[in-house]
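Engineer: based on what follows, work out the 3D shape:
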Amino acid sequence: MSRSRVSEWLLSLLLVALAITLWVSMRPAQVPAVILLEISRNAVPINTLDQPREIDSRQQLWIDRFDLASNGQLRHPQLGQIGYGEQFFIDAELRLRMRRAASLRFEVQSDDGFALEIDDRRVCAFVGHRALAGQSCRVLLEEGEHRLRLSYFQAGGPAGLLVRYGEGGEGPLTWLGEDTDYLEVLR
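Structural biologist: Model prediction:
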């Protein structure tokens, strides 16, 4: 093979490698589609989670777990910034299957307000404005399927939402969206 053909071949390889690198870097980040977030921008300021909503736009986003707080922003580790910046609600519904009856502890950290409901019963909530703060709530769930609903709002300023769960009063916690030996998130 002549020297010029080798140079052309190497240049072609280099261009293909560059094209692949650009394509990979420009692809949007993806995570497993476990939890569908309904994100709704409110037309008027939000003072409480339970106020009537006046929605002017909506978007949907799939996430893998409720790990949405970083440096005062509603931010997913792989997907980046979430939501509209201010004056928005997030609603999510999950179907859970308890593989056995268990007493669960949910740890919710939010900035601003949230409500966690299981089988149409509010388990815990903070419906007003606050800086990122945590709240623990306990619920006994029987074996079988259950519906979990999480609502959140961000009025303005710093934001964040973290939700983890565990069995009993102490012990390790798992991100909501991830399975354990006693709880499965149905997809």
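Engineer: so who does the residue sitting nearest the centre point of the chain touch?
Structural biologist: The structure's the chain has its C-alpha centroid closest to residue 66; by Cα atoms, centre = their mean the separation is 3.6 Å. Residues counted as contacts of residue 66 (Cβ atoms under 8 Å, 6 or more residues apart in numbering) are 35, 150, 161-164, 175-177. Placement of C-beta: from N, CA and C, glycine included.
Engineer: swap in 10 Å and give it another go.
Structural biologist: Counting by Cβ atoms under 10 Å, 6 or more residues apart in numbering, residue 66 makes contact with 34-35, 37, 76, 90, 92, 94, 108-109, 150, 152, 161-165, 175-178.
Engineer: quick check: beta-bridge partners of residue 62?
Structural biologist: Residues in a beta bridge with residue 62, per DSSP bridges, are residue 36.
Engineer: would you check that it makes contact with residue 37?
Structural biologist: Yes. Counting by Cβ atoms under 10 Å, a contact exists between residue 62 and residue 37, whose distance comes to 7.5 Å.
Engineer: so those two - more neighbours on which side?
Structural biologist: More neighbours sit around residue 37 than around the other of residue 62 and residue 37, counting by other Cβ atoms under 10 Å; the figures are 21 against 13.
Engineer: okay, the residue nearest to the more buried one when sequence neighbours are not counted: pLDDT?
Structural biologist: Setting aside the residues directly before and after it, residue 37 is nearest to residue 61 in space (Cβ to Cβ, 6 or more residues apart in numbering), at 4.7 Å. Per-residue pLDDT puts residue 61 at 96.
Engineer: next one: residue 73
Structural biologist: Each residue has a pLDDT score; the one for residue 73 is 93.
Engineer: then the one 3 residues further on?
Structural biologist: Residue 76 is assigned a predicted lDDT (pLDDT) of 96.
Engineer: that one: what's it in contact with?
Structural biologist: If a contact means Cβ under 10 Å, 6+ apart, then residue 76 has 29, 31, 37, 61, 63-70, 82 as its contacts.
Engineer: near residue 109, how many other residues are there?
Structural biologist: 17.
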